[in-house]
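# What would the 3D arrangement of this be:
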Amino acid sequence: QVQLVESGGGLVQAGGSLRLSCAASGRTFGRVKMGWFRQAPGKEREFVAAIIWVGIAYYADSVKGRFTISRDNAKNTLYLQMNSLKPEDTAVYYCAADSVGDYSDYRLYNYWGQGTQVTVSS
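Residues are numbered from 1 along each chain as shown. The predicted model follows:
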């Protein structure tokens, strides 16, 4: 049974940092696309960042320069380092794995974590 478990969310002041982790179990994800998405109340789930197996990373314009996605294939874990956080970054953050197409389209991922809440206060 494949599981993705996120951790690291919480409450932080604007300008602060958080590091999200996504631990995968049930299969290895070393050669698949993995990504982070977020969803704020009343809004559609949106792309944040993705990384393909060769290590190339992609970011939404809204987080470029502030967030960094990385993966540790030996630990089967995905990370999202978030710096210079803004109140508009407040959302539930989801880890996703194994996209069958466009890395930015949440509908194309086969596996999802349960989400972790990130709240940024002004």
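# As a quick check, tell me the outermost residue of the protein.
Distance from the C-alpha centroid of the chain peaks at residue 122, with 22.4 Å (Cα atoms, centre = their mean).
# contacting residues around the closest residue to it other than its chain neighbours?
Excluding the flanking residues, the one nearest residue 122 by Cβ to Cβ, 6 or more residues apart in numbering is residue 87, at 4.8 Å. Where you see a C-beta, it was placed from the backbone N, CA and C, and this is true even at glycine. The contact partners of residue 87, by Cβ atoms under 8 Å, 6 or more residues apart in numbering, come to 14, 120-122.
# Top of those by number of neighbours, please.
Highest neighbour count within those, by other Cβ atoms under 10 Å: residue 120, with 20 neighbours.
# tell me which element that residue is part of?
Using DSSP states H and E, residue 120 sits within strand 116-121.
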